[in-house]
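[1] One predicted model, sequence on top.
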Amino acid sequence: MNNWSVERDPSSINAKVFATEPTISLSLWTSSYQWAKLSKDVICVSNDFSKTYYIPARDLQSITKADLDKYKNKKWTTFNQFKKSFDIWCMELENDSDWKKSKCNCPAFFKNYICKHVVGMAIRLKYCKPPPAAKTVPLGEKRKRGRPAKAKPALLVQ
């Protein structure tokens, strides 16, 4: 415990710093960019301090008003209605703070403290721009394993 605390002492020369915001990998940038380009209808509800976005999960394109009311009230009469409530992700974005501190209720966010919905909404709302490498993968495809191949000389056919 002593060594751990000495390593993180801010007055030390080679101090290890605590991560205050999650890091975004290239694969997350790619999946977020692809998600942001989808034509999903996102419902925004504004409060005094934050905005709440209701996002359709999986391959759903939109959320009905009745589904959203059942989700908010948490009034289910059958197990299938309860299961259907997991087709809506709820993302909360504070008005005056950084978009990286947003919260989402999807399983990926609970594990990594960042998800494609948070980064994708930041791209949609133009709070950030994805790196050019994230845009090189065609929509709907995943990045191949390993290092990308270098481009061949100009006059050779690839």
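    Arrived safely, thanks for sending.

[2] From the chain's centroid, how far away is the lowest-mean-pLDDT helix or strand in the chain?
    Using mean pLDDT, DSSP states H and E, helix 2-7 stands out as the lowest-scoring helix or strand of the chain, at a mean of 82. Remark: helix 2-7 is offset 33 Å from the chain centroid, using C-alpha atoms, centre = their mean, to the nearest Å.

[3] tell me what the following helix or strand past it is packed against?
    Note on helix 2-7: by DSSP states H and E, the next helix or strand toward the C-terminus is helix 26-36. Counting contacts by 3 or more C-beta pairs under 8 Å, 6 or more residues apart in numbering; DSSP states H and E, helix 26-36 is packed against helix 116-124. For every residue, glycine as well, the C-beta is placed using N, CA and C.

[4] and N80, which of the three is it?
    The assignment at N80 comes out as helix when based on DSSP: H, G, I helix; E, B strand; the rest coil.

[5] How about the one 10 residues further on?
    Secondary structure state of C90, per three-state DSSP, is strand.
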